[in-house]
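**Q** What would the 3D arrangement of this be:
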Amino acid sequence: MIPSVADPMQPTHEKSAVDAARAGEPKGFDDLYRRLAPQVTGFARARGAADPEGICNEVFLRCFRKLSSFTGDDAAFRRWAFSITRNLLIDAH
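**A** Predicted structure coming up:
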């Protein structure tokens, strides 16, 4: 039997991190940031960003400002965050 691997973007509680953040719950914002910030920063660093942490901060600032207009689950939020990261990297170059 193959053990299942937990999806790092799917919280163990019933409400998704995106839903919690949309509801204004600090834990939702915290969960999203803690799960994705290291990956976003690493992605920016690997692509030669002069300030990968700054890029990461800008990504989450933009995501959280526009969260009310975002539709989707935690996995869709991840894709959206990386799209924003890619666009910021393109703008920076």
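**Q** going forward, measure contacts and count neighbours with C-alpha atoms only.
**A** Will do.
**Q** dump the residue contacts of the closest residue to residue 21 other than its chain neighbours.
**A** Here the nearest residue to residue 21 in space, its sequence neighbours aside, is residue 28; by Cα to Cα, 6 or more residues apart in numbering that works out to 4.2 Å. Shown in contact with residue 28 (Cα atoms under 8 Å, 6 or more residues apart in numbering): 16, 17, 18, 19, 20, 21, 22.
**Q** Kindly recompute the last result at 10 Å.
**A** 11, 15, 16, 17, 18, 19, 20, 21, 22, 34 (Cα atoms under 10 Å, 6 or more residues apart in numbering).
**Q** can you pull the contacts of residue 47?
**A** Going by Cα under 10 Å, 6+ apart, the list of residues near residue 47 reads 41, 86, 89, 90.
**Q** typed the wrong thing, it's residue 60
**A** Applying Cα under 10 Å, 6+ apart to residue 60 gives the contacts 29, 32, 33, 36, 37, 40, 66, 67, 81, 84, 85.
**Q** Secondary structure element for it, which one?
**A** Remark: residue 60 resides in helix 52-65, with elements defined by DSSP states H and E.
**Q** between the helix or strand that that helix is followed by and helix 52-65, how many degrees?
**A** With elements assigned by DSSP H and E, the helix or strand that comes after helix 52-65 is helix 74-92. For helix 74-92 and helix 52-65, the angle between their directions (axes from the mean of the first three to the mean of the last three Cα atoms, to 10 degrees) works out to 130 degrees.
**Q** ok, residues contacting helix 74-92?
**A** With contacts defined as Cα under 10 Å, 6+ apart, helix 74-92 is touched by 7-11, 16-19, 32, 35-37, 39-41, 43-44, 47-50, 52, 55-56, 58-60, 62-63, 67, 70-72.
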